[in-house]
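> Pasting the sequence and the predicted model now:
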Amino acid sequence: MWPKTLSGGRRINVADLKKGARITGNTRDKLAADLKKKYEKGSSIRALAESTGRSYGFVHRVLSESGVQLRGRGGATRVKKK
């Protein structure tokens, strides 16, 4: 689903990493690029978090660190009653 290369050239899936395991270096850079591309194509942070097995906060932080312009919250806006 999210193939990455670890040092030594071995390919892994980010989803295969233990929950809460640190993702650093080249693996994090590649994950950030993938998340950025998918977010800019319209995926939500929650959808990305679920598909990678990471938390909402982790995905939000990685996107922010990679310079993504985050979208505003969705949903209906309030209308003033007359």
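It's in. Numbering: from 1, shown residues only.
> can we go C-alpha only for contacts and neighbour counts from here?
Noted.
> biggest helix in this structure by residues?
helix 25-40 (DSSP state H).
> Report the angle between the next helix-or-strand element following that one and helix 25-40.
Remark: after helix 25-40, the chain's next helix or strand is helix 45-52, criterion DSSP states H and E. Counting by axes from the mean of the first three to the mean of the last three CA atoms, to 10 degrees, helix 45-52 points 130 degrees away from the direction of helix 25-40.
> Give me the angle between the helix or strand just after helix 45-52 and helix 45-52.
For helix 45-52, the following helix or strand on the C-terminal side (DSSP H and E) is helix 56-65. Here helix 56-65 runs at an angle of 110 degrees relative to helix 45-52 (the same axes, to 10 degrees).
> what's helix 56-65 packed up against?
Judged by 3 or more CA pairs under 8 Å, 6 or more residues apart in numbering; DSSP states H and E, the packing partners of helix 56-65 are helix 25-40, helix 45-52.
> Dump those helices into TSV; add mean neighbour count, mean pLDDT and distance to Phe58 as well.
Putting the helices and strands packed on helix 56-65 into TSV (neighbours: other CA atoms under 10 Å; pLDDT from 0 to 100; distance: least, CA to CA, whole Å) gives the following:
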stretch	mean neighbour count	mean pLDDT	distance to Phe58
helix 25-40	16	94	11
helix 45-52	16	94	8
